[in-house]
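1. Sharing a model that was predicted from the sequence below.
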Amino acid sequence: MSEPIVRFEKVVKKFGDLVVLRDFDFEVYPGEKVVLMGPSGSGKSTGLRILMTLEDIQGGVVYIDSEPLWHERKGDKLVPAHERHLRKMRNKVGMVFQHFNLFPNMTVLRNITEAPVHVLGVSKQEARERAEGLLELVGLLDKKDAMPAQLSGGQKQRVAIARAMAMRPRVLMFDEPTSALDPEMVGGVLQVMKDLADEHDLTMIVVTHEMGFARDVADRVCFFDGGQIVEEGDPEQIFTAPKTERCRQFLRSVLKEQEEEVEEGGETTH
Amino acid sequence: MMTLFGHPLNTASHWTFFVSILPLIFKGLIITVEATILGFLVALGLGLIFALLRRVPVRAVSWPTVFVIEFVRDTPLLVQLYFLYFVLPVYGVRMPAFITGLLALGIQYSAYTSEVYRAGLDAVDRGQWEASKALNLSTVRTYRDVVIPQAIPRVIPAMGNYLVSMIKDTPVLSAVTVLEMLSMAQMIGDRVFRYFVPLTTVGLFFLIVTLFASALVRFLERVLPKQGIPLK
């Protein structure tokens, strides 16, 4: 197998006294689709946020493309990275947020072209054409001149996916992309994510409890608990024959929750 | 009949007096309005610069900024005005009284507006910063395209209060010989020893100007989209 594109090596993340990740090891290979599951506070979102440079680390090393993310090489030593290094590394990864975080003061099109034009230096014309292509992919080309406030939650999230893709990231991360959505909006967003998963080169790391999506798309499911991965494997194995009691318990509770949602046919639970 | 700057002051009755001083008061009004508009532009620009410098994550920058803001905010406008007018020329900085006056107003109010901007910038959702970072937008670009446009509609009401307040502070400029409305009224009064009509007129004009300013602010509040200045 080739070199991993993402590698966490004994990473420690603390918030004050609270240890969120302890000696955390994790690897993702190019083109792999990985789903992270686990109870809230287990460190899965924090892992993504570290990779997006939204959270720093207190120990260990994170590598993207075999290059340290939070460190720079100085001779044979690693020293904390400067903002310039972080800026260079950040272009390799992209992120889709739970609450979309679209820029409410920009049209849909401008949301998508803003960063390619001002970060990658793409011409406005080219950025616009590519944005329109991406909007077509997520089925929202007719909304290109709308403001985010005029869109439904599901549409916002699809625009957010197009916006992240416009930066041509090698690794695209999704932090609970459907958990803030009304149930009837979830399907459309998951479908867009499935379409993206067909892109062979794109590496996807998805924090979600959508088991159907994991089953269809994931090469690997990692189950988090207490700041570590306690079990991982292909989705079939994890969902049908989990090895640890903790994972069994968690899957039971998620299944129950999702059944209740179907019965109620309404309210989402977070 | 007494005259002032060549204008006759007809004191036959309150009414004739009022009519005869209108052209003079009007001249003062123009100075007042000009000083307010220019002074407020200084306050808006300088206040934003202060607010941004304060957020620079380097203490050598943010701490002196906080000091300057506090110093300006906690010393009287009149002291600052005298300082600019009487002390600076000693060091070779000479400005016309009007310029000195609007700068003093602008600088004093920039300390207030910087606090308003600060609250406005702080109120922008953390998710906006995170999305900007995830898209690798530079800090300058993030402020320019994302954060400031979203902060502006939120600061308008508080800025409006300071605009009205500044209008009412413009008579301070009379202390350095700027012939704004109040000093004009005083000169008229001194000339004919009648103060009732000129001062009432000035009060009325101030009321009209501040009401107009309030209406303008409410209009801006209504037309600016809540979600921020739109970028196409």
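-> Received, thanks. Remember, it's a predicted structure, so these values are computed and weren't measured experimentally.
2. Could you use CA atoms for every contact and neighbour count after this?
-> Fine.
3. element containing A:Glu136, please.
-> Here A:Glu136, judged by DSSP states H and E, is contained in helix A:124-137.
4. can you tell me the average pLDDT over that helix?
-> Across helix A:124-137, the average pLDDT comes to 96.
5. Next, see if that helix gets close to chain B.
-> No. Figure legend: helix A:124-137 not in contact with chain B (Cα under 8 Å from any Cα of the partner chain); closest approach 12.0 Å.
6. Next, the angle from the next helix or strand after that helix to helix A:124-137.
-> Where DSSP H and E defines the elements, the next helix or strand beyond helix A:124-137 is helix A:153-165. Between helix A:153-165 and helix A:124-137, the angle comes out at 140 degrees (axes from the mean of the first three to the mean of the last three Cα atoms, to 10 degrees).
7. partners of the next helix or strand after helix A:153-165, with directions?
-> Scanning forward in sequence from helix A:153-165 by DSSP H and E, the next helix or strand is strand A:171-175. Paired neighbours of strand A:171-175 in the sheet (DSSP bridges): strand A:93-96 (parallel), strand A:203-207 (parallel).
8. Distance from the chain centre to the longest one, please.
-> This means strand A:203-207. Relative to its chain's centre, strand A:203-207 lies at 5 Å (Cα atoms, centre = their mean, to the nearest Å).
9. ok, and what's touching that strand?
-> A:29-37, A:44-45, A:170-177, A:197 (Cα atoms under 8 Å, 6 or more residues apart in numbering or on different chains).
10. what ranges do the helices span in chain B?
-> Counting by DSSP state H, residue ranges of the helices within chain B are B:14-55, B:59-73, B:77-82, B:97-122, B:126-134, B:139-141, B:148-169, B:181-192, B:196-223.
11. With distance to chain A, mean pLDDT and mean neighbour count as new columns, can these be given to me in TSV?
-> Formatted as TSV, the helices of chain B follow (distance: least, Cα to the nearest Cα, whole Å; pLDDT from 0 to 100; neighbours: other Cα atoms under 10 Å in any protein chain shown):
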stretch	distance to chain A	mean pLDDT	mean neighbour count
helix B:14-55	17	95	19
helix B:59-73	18	94	15
helix B:77-82	37	94	18
helix B:97-122	15	96	23
helix B:126-134	5	96	20
helix B:139-141	8	95	13
helix B:148-169	7	95	19
helix B:181-192	42	91	20
helix B:196-223	14	95	16
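12. So which of those is nearest A:Asp201?
-> helix B:126-134 (20.2 Å; Cα to Cα).
13. Which other helices and strands does the closest one contact?
-> If you count contacts as 3 or more Cα pairs under 8 Å, 6 or more residues apart in numbering or on different chains; DSSP states H and E, helix B:126-134 packs onto strand A:93-96.
14. How far does the strand it packs on sit from its chain's centre?
-> 6 Å.
15. which residues touch it?
-> Counting by Cα under 8 Å, 6+ apart, A:51-52, A:157, A:160-161, A:164-165, A:167, A:169-175, A:177, B:134-135 sit against strand A:93-96.
16. Going by contacts, tell me the helices and strands next to the helix holding A:Glu136.
-> helix A:108-115, helix A:153-165.
17. Can you give me the distance of the most centrally placed residue in chain B to B:Glu180?
-> Geometric centre of chain B, nearest residue: B:Phe40, 3.2 Å, by Cα atoms, centre = their mean. Distance of B:Phe40 to B:Glu180, given as Cα to Cα, to the nearest Å: 16 Å.
18. same check, this time on A:Arg220
-> 77 Å.
19. Mind checking which of these two has more residues around it?
-> More crowded of A:Arg220 and B:Glu180, by other Cα atoms under 10 Å in any protein chain shown: B:Glu180, with 25 against 22.
20. mind listing what the more buried one touches?
-> By Cα under 8 Å, 6+ apart, the contact set of B:Glu180 is B:27-32, B:170-171, B:173-174.
21. what distance separates the start and the end of stretch A:169-179?
-> Across stretch A:169-179, the terminal residues are separated by 23 Å (Cα to Cα).
22. Give me the distance from it to the chain's centre.
-> 2 Å.
23. What mean pLDDT does that stretch get?
-> Across stretch A:169-179, pLDDT averages out at 95.
24. That one: which residues count as buried?
-> A:169-179 (16 or more other Cα atoms under 10 Å in any protein chain shown).
25. Could you do stretch A:14-21 as well?
-> So stretch A:14-21, judged by 16+ other Cα under 10 Å, has buried residues A:20-21.
26. what does the stretch 51-200 of chain A put close to chain B?
-> So far as Cα under 8 Å from any Cα goes, the stretch 51-200 of chain A lies against chain B at A:52-54, A:87, A:90-91, A:93-95, A:99, A:101-107, A:110, A:115, A:118-119, A:164, A:167.
27. which among those end up buried?
-> Buried among these (16+ other Cα under 10 Å): A:52-53, A:87, A:90-91, A:93-95, A:99, A:101-107, A:110, A:115, A:118-119, A:164, A:167.
28. all strands in chain A, in order from the N-terminus.
-> Per DSSP state E, chain A carries strands over the ranges A:6-15, A:18-28, A:33-37, A:59-64, A:67-68, A:71-74, A:77-80, A:93-96, A:171-175, A:203-207, A:220-225, A:228-233.
29. quick one, the fourth one and strand A:18-28 angle?
-> Orientation of strand A:59-64 against strand A:18-28 (the same axes, to 10 degrees) gives an angle of 30 degrees.
30. May I have the strands that pair with strand A:59-64, each with its orientation?
-> Short version: by DSSP bridges, strand A:59-64 pairs with strand A:6-15 (antiparallel), strand A:67-68 (antiparallel).
31. Now tabulate these in CSV and tack on mean pLDDT.
-> Below are the strands paired with strand A:59-64 laid out as CSV (pLDDT from 0 to 100):
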stretch, mean pLDDT
strand A:6-15, 94
strand A:67-68, 92
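32. Please produce CSV containing the ones you listed, extended by distance to A:Leu21.
-> Below are these laid out as CSV (distance: least, Cα to Cα, whole Å):
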stretch, distance to A:Leu21
strand A:6-15, 5
strand A:67-68, 18
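33. For B:Asp125, which of these is the nearest?
-> Closest among the strands paired with strand A:59-64, once you apply Cα to Cα, is strand A:6-15, at 20.9 Å.
34. Contacts for the closest one, please.
-> A:19-29, A:56-66.
35. In that strand, which residues have enough neighbours to count as buried?
-> A:6-13.
36. gap between that strand and the chain center?
-> Using Cα atoms, centre = their mean, the offset of strand A:6-15 from its chain centre is 17 Å.
37. what does stretch A:133-143 give?
-> 21 Å.
38. mind listing what's buried in it?
-> For stretch A:133-143, the neighbour count (16+ other Cα under 10 Å) marks A:133-135, A:138, A:140-141, A:143 as buried.
39. And stretch A:255-264, by the same measure?
-> A:Gln258.
40. correct me, but A:Val119 touches B:Thr139?
-> No. A:Val119 is not in contact with B:Thr139 according to Cα atoms under 8 Å; the separation is 11.4 Å.
41. show me the residues around residue 172 that make contact.
-> Unless you meant another one, I'm taking chain A. A:93-96, A:164-165, A:202-205.
42. ah, I was thinking of chain B
-> Counting by Cα under 8 Å, 6+ apart, the residues that B:Val172 touches are B:Leu78.
43. For it, give me the pLDDT.
-> Confidence score, pLDDT, at B:Val172: 94.
44. ok, now how distant is it from A:Phe239?
-> B:Val172 is 77 Å from A:Phe239, by Cα to Cα.
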